[in-house]
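Undergrad: I need the structure of the sequence given here:
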Amino acid sequence: MKKNESYQHPLLLNAQKIMENGIVVFDDVRGLPLGEKPFVSPDYVICIAHRGNIQMMYDDMPDYSKEHTVAVLFPNHALRMVSKSDDYLATLIVVDASMLDDPMLRIINQVRYRYEPYPRVDLDSREYDVIMNLVGVMRETASINIPNRKHFMISQLEFFMRLLSHYHSEKLNDHSFDNRVSTLFHNLLAQHFRTHRDVEFYASKICLSPKHFSTVVKQETGHTAAWWIHTQVVSEAKKLLSMRRDLSIQSIAALLGFDDQATFCRYFKRETGLSPTEFRQST
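TA: Residues are numbered from 1 along each chain as shown. Model (predicted):
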C-alpha cells in the first residue's frame, strides 16, 4: 500500500458492528489497521491471506503471512507491520471478545495454547478451498435476517475452528512439538481437570518441580499453569450450566469434582464474578 493511498481498515471503522453482531466477516483487507504503528486488537481475529505477503512483529517476535496462511490472533497482542507486498489481500473473521465465553466456542480456549505463541497455519490449496467454502457460508449467514442468526454463526465458527485445528495438528505432528511441556500439560489437563486443580499434580506427572513447570508453561503459552487449569474448569462449568439445564447446581458441582455445592459456587464466583445461578439465568 502506497503512503498516499486512502485506505480505511474495517477493524477501525466497524467497532460498533462487531460489538452488536458478535461475529463479522470482512473481505478486501489490505494490511494492518495502523500500518507500521503498533495495533492491539480487543477482539479475536482470524486472518485468511489470499495472495501476497506481509511481514510483521507479533508482540516482540517476527512473523509473516503469505498466500493461504491463516493467522489466529487472540485479544491484546500487539501487531506492527514491517513490510508487505502491494498485492496483499485477506479476509478477516472478527469475534467480539465477549463471545469467547459462549460454551459452544470453548474449542477456542481449548486450543489457545497452540495458537497464542504460534498463530500461523499454512494451508495447502485443497485445505484453503475447504476453509474458504466455510467462510462463504458464514458470510452468507451474516448477510440474511433470520431468527437466531448469531447462534448459527457461532455453530459455523465452532466447526471452522475444529477443522482448522485438525489441519494445524497435522502440520505440528512432530516430536519437537509433541514433547513441549505445554502440550503434555494440556493433554493431562483434558484428562484430569475434574479431579485435580493443583499445579503440583501436573508438574509431578511431567517429572518437573512445580516452579520450573510453571515457568516453562508461561514461556510456551503466555499464561501460567494455574490460569489454564482455572480456564478449563470454568469453561466446562459454563457449558454444563448453559446446555444441561436438567442438571442441578449440586449435580454439576459433583461432575466437576467439587466436594460440595457451596465450594463450587465460591470457586465459580471468584473466577467469573457471577454465581452459577446468576450465570445460568443470564444465558
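
Undergrad: show me which residues of stretch 10-25 are buried.
TA: Across stretch 10-25, burial judged by 16 or more other C-beta atoms under 10 Å covers P10, L11, N14, I18, N21, G22, I23, V24, V25. Yep, even glycine has a C-beta here, placed from its N, CA and C like the rest.

Undergrad: could you redo the residues you listed as CSV and give each row pLDDT and secondary structure?
TA: Formatted as CSV, these follow (pLDDT from 0 to 100; DSSP: H, G, I helix; E, B strand; the rest coil):
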residue, pLDDT, secondary structure
P10, 91, helix
L11, 90, helix
N14, 91, coil
I18, 93, helix
N21, 91, helix
G22, 92, coil
I23, 95, strand
V24, 95, strand
V25, 96, strand
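
Undergrad: between those, which is closest to P119?
TA: L11 (16.1 Å; C-beta to C-beta).

Undergrad: excluding chain neighbours, what is closest to the closest one?
TA: Spatial nearest neighbour of L11, excluding adjacent residues (C-beta to C-beta, 6 or more residues apart in numbering): P33 at 4.8 Å.

Undergrad: that neighbour contacts H9, doesn't it?
TA: Yes: the pair P33 / H9 is scored as a contact, 4.1 Å apart, by C-beta atoms under 8 Å.

Undergrad: got a list of contacts for the longest helix along the chain?
TA: Counting by DSSP state H, the longest helix found in the chain is helix 149-171. Helix 149-171 has contacts (C-beta atoms under 8 Å, 6 or more residues apart in numbering) with 21-23, 46, 70, 72, 93, 95, 99, 102, 104-105, 107-108, 111, 114-115, 121-123, 127, 130-131, 134-135, 137-138, 141-142, 146.

Undergrad: restricted to buried residues, select those in PyMOL.
TA: Of those, the buried ones go into a single PyMOL selection, burial set by 16+ other C-beta under 10 Å:
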select buried, resi 21+22+23+46+70+72+93+95+99+102+105+107+108+111+114+115+121+122+123+127+131+134+135+138+141+142
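
Undergrad: rewinding a little: then the longest helix of the chain to CSV, C-alphas only?
TA: These are the backbone C-alpha positions of helix 149-171, laid out as CSV (Å, rounded to 0.1, in the frame of the first residue of the first chain):
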residue,chain,number,x,y,z
ARG,A,149,-28.6,-15.8,13.3
LYS,A,150,-25.9,-15.3,16.0
HIS,A,151,-26.5,-18.9,17.1
PHE,A,152,-25.9,-20.1,13.5
MET,A,153,-22.8,-18.0,13.2
ILE,A,154,-21.4,-19.5,16.5
SER,A,155,-22.1,-23.0,15.3
GLN,A,156,-20.3,-22.3,12.0
LEU,A,157,-17.3,-20.7,13.7
GLU,A,158,-17.0,-23.7,16.1
PHE,A,159,-16.9,-26.1,13.1
PHE,A,160,-14.4,-23.8,11.3
MET,A,161,-12.1,-23.8,14.4
ARG,A,162,-12.3,-27.6,14.7
LEU,A,163,-11.4,-28.1,11.1
LEU,A,164,-8.5,-25.5,11.2
SER,A,165,-7.2,-27.2,14.4
HIS,A,166,-7.3,-30.5,12.6
TYR,A,167,-5.1,-29.1,9.8
HIS,A,168,-2.9,-27.4,12.4
SER,A,169,-2.4,-30.6,14.4
GLU,A,170,-1.4,-32.5,11.3
LYS,A,171,1.3,-29.9,10.5
